[in-house]
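S.K.: Sequence first, then the predicted structure, then my questions.
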Amino acid sequence: MSAALDDLLTFLRFPSISTSSAHAGDLVNCAEWLKAKLIGMGLSAVLHPTARHPVLVAKNQHQPGRPTLLIYGHYDVQPVDPLDQWISPPFEPRIENGRIYARGSTDNKGQLLAHVSGVAATLAKYGHLPLNLTFLFEGEEEIGSPNLEPFLKAHRSDLACDIIAISDTGMVATGVPTFTYGLRGIACVELTVHGPSIDLHSGIFGGSVANPNTILSKLVASLHDADGRILIPGFYDAVRPVQAWESDAWAKLPGGADETLALTGVPKLWGESGYSDHERRWARPTAEVNGIGGGYQGEGSKTVIPRSAFAKFSFRLVPDQDPADILEKVSAHFKAITPDSVRLEIKIGHSGKPYAMDPDSRFGLAARRALSRTFPREPALIREGGSIPIVQSFRDILGVETLLLGLALPDCQAHAPNENFPIENFEAGILLNQALLEEIASA
Ligand code: BES
Ligand code: ZN
């Protein structure tokens with residue numbers, strides 16, 4: 001264990017921020033370190049360059065007649081800003097009260113290394129694995145995995161497998177084994193409202209020229225009604241209703257509205273009426289404005305009509321919504337309500353499909369057995385609000401389902417300052433992976 005923890009601290013020191021081209025070398029160094037680690041365990045490992053960050057594939061000696069498990073993880077991390085909110089530097093891991101504080105500790109380096117260390121422990125114990133194993137680690141998950149889908153298509157036979165496992169989701173509470181059978185998808189779009197050719201004096205021209213900030217605000221405000229429902233025509237057409245068994249099971253889980261209130265610090269929760277907190281976050285689609293700007297942002301006032309205003313949107317999608325269809329509907333909606341006193345520019349960003357699998361499938365049951373061997377109780381069955389778009393691509397391209405065995409706690413602060421991962425979750429993850437290899441091998 002202490003060797004595994006040392007490895008994790010080393011892994012966390014690489015500032016592998018995928019969105020920043022200045023860090024491209026750090027991603028390569030991080031992937032090289034991981035590759036050396038896997039080779040040291042006796043696996044064969046190949047680092048594949050892509051248009052951006054490398055993909056690492058490692059295997060044991062595959063033998064016919066055994067099931068093949070593919071384990072996926074990502075070694076890239078989110079940016080660290082706002083840096084002044086961190087108690088200690090994000091790439092100098094600090095251990096306090098049994099938790100490791102560092103960017104990527106939970107998302108996803110701690111969970112990825114729990115897979116690797118579980119495999120290492122099995123190899124150390126038996127000298128071999130009970131199944132065929134392929135590790136697939138990428139460095140672009142946090143930027144929408146732009147090169148992984150083409151990589152899957154190009155390496156379909158090299159990556160052929162029977163089942164996939166990922167630890168990149170959450171646990172409903174400390175010590176509660178959690179099996180995730182669904183993820184939300186995502187569709188991103190950016191709007192720019194163009195008005196006058198230059199910023200104008202708002203006294204001289206105000207009243208005769210539409211203000212891009214005002215028009216943009218109307219576009220943003222057009223998304224929801226007073227009950228939190230999204231008003232884009234056709235937006236809910238393909239939404240699979242929450243099933244009664246899901247509502248019943250989720251109502252009995254820890255977490256929910258009180259915890260969300262406490263974790264977020266908002267004065268009051270908000271959301272689509274008629275749905276519980278779990279349903280809203282796991283099984284209902286959303287429309288969010290992730291960034292917005294236009295006009296004067298400095299001190300005091302400046303009387304201008306800005307030449308343009310922008311907003312960045314992301315829509316979280318649920319089965320069976322299709323990102324391409326949603327993006328068409330979103331674009332049509334914004335075009336239809338934009339007055340001709342401005343020009344609307346629509347930029348489509350990245351997207352990913354939602355996912356749902358059968359938790360009672362053969363491998364689903366095997367994963368649940370591995371979870372309850374590790375944490376001695378029945379696993380919670382949940383969906384998650386976050387997105388791992390490659391999971392649906394695995395199904396589409398490799399024809400294989402994915403088991404989501406997350407170890408992230410609700411207060412892990414993923415994507416935020418002071419991200420952290422409990423050492424006990426790392427230890428549990430190592431045991432979980434040993435149990436998983438056995439359960440998949442005998443399923
Ligand atoms: N690990 C998360 C996804 C996640 C978070 C799943 C919480 C379940 C619960 C992943 O690393 C992530 O943040 N994904 C991005 C994907 C996007 C950039 C395409 C997300 O969900 O915003
Ligand atoms: Zn993430």
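M.R.: Perfect, I can see it now. These numbers were taken from a predicted model, which means no experiment stands behind them. Ligands and ions are numbered 1, 2, ... in the order given.
S.K.: Ligand 1 contacts on the protein?
M.R.: Residues of the chain lying close to ligand 1 (Cβ under 6 Å from any ligand atom) are 107-108, 141-142, 144, 168-170, 186, 352, 384, 386-389. C-beta here means a position set from N, CA and C on the backbone, and glycine is covered the same way.
S.K.: For ligand 1, give me its nearest residue in the protein.
M.R.: residue 386 (2.5 Å; Cβ to the nearest ligand atom).
S.K.: so how far is residue 123 from that residue?
M.R.: Plainly put, residue 386 is 31 Å away from residue 123 if you go by Cβ to Cβ, to the nearest Å.
S.K.: And for residue 432?
M.R.: 16 Å.
S.K.: neighbour count winner among these two?
M.R.: More neighbours surround residue 432 than the other of residue 432 and residue 123, with 25 against 17 (other Cβ atoms under 10 Å).
S.K.: so who does the nearest residue in space to the more buried one that is not next to it in sequence touch?
M.R.: Excluding its sequence neighbours, the residue lying closest to residue 432 (Cβ to Cβ, 6 or more residues apart in numbering) is residue 374, at 4.3 Å. By Cβ atoms under 8 Å, 6 or more residues apart in numbering, the contact set of residue 374 is 177, 428, 431-432, 435.
S.K.: Tell me how far residue 374 lies from residue 323.
M.R.: 35 Å.
S.K.: Give me the mean pLDDT for stretch 404-422.
M.R.: Per-residue pLDDT over stretch 404-422 has a mean of 97.
S.K.: can you give me the end-to-end distance of that stretch?
M.R.: Counting by Cα to Cα, to the nearest Å, you get 19 Å between the two ends of stretch 404-422.
S.K.: With stretch 145-161 instead?
M.R.: So stretch 145-161: terminal residues 20 Å apart, Cα to Cα.
S.K.: distance between it and the chain's centre?
M.R.: Relative to the centre of its chain, stretch 145-161 is centred 19 Å away, using Cα atoms, centre = their mean, to the nearest Å.
S.K.: Residues in contact with it: which ones?
M.R.: Residues outside stretch 145-161 that contact it (Cβ under 8 Å, 6+ apart) are 48, 50-53, 55, 57, 68-70, 132, 134, 136, 138, 140-141, 350, 352, 389-390, 393-394, 397-398, 400.
S.K.: mind listing the strands in the stretch 51-200 of the chain by residue range?
M.R.: Secondary structure of the stretch 51-200 of the chain, counting by DSSP state E, counting those that start in this stretch: strands at 55-59, 68-74, 94-96, 99-101, 132-138, 163-166, 178-183, 185-194, 200-201.
S.K.: ah, wrong one, I meant the stretch 201-350 of the chain
M.R.: With strands called from DSSP E, counting those that start in this stretch, the stretch 201-350 of the chain shows them at 286-294, 304-305, 308-317, 343-352.
S.K.: Partner strands of the second one and their direction?
M.R.: According to DSSP bridges, strand 304-305 has the following sheet partners: strand 200-201 (antiparallel).
S.K.: Please state the mean pLDDT value computed over the partner strand.
M.R.: On average, strand 200-201 scores 98.
S.K.: Tell me where the model's unsure across the chain.
M.R.: For the chain, applying pLDDT under 70 flags no range at all.
S.K.: Assign a three-state SS to residue 387, would you?
M.R.: coil (DSSP: H, G, I helix; E, B strand; the rest coil).
S.K.: Check the one 10 residues further on too.
M.R.: Three-state assignment for residue 397 (three-state DSSP): helix.
S.K.: what about it, neighbour count?
M.R.: 18.
S.K.: got it, and residue 286?
M.R.: Residues near residue 286, counting by other Cβ under 10 Å: 20.
S.K.: can you pull up the bridge partners for it?
M.R.: According to DSSP bridges, beta-bridge pairing links residue 286 with residue 316.
S.K.: doesn't residue 318 make contact with it?
M.R.: No: using Cβ atoms under 8 Å as the test, residue 286 is too far from residue 318 to be in contact (9.3 Å).
S.K.: Sounds good, over and out.
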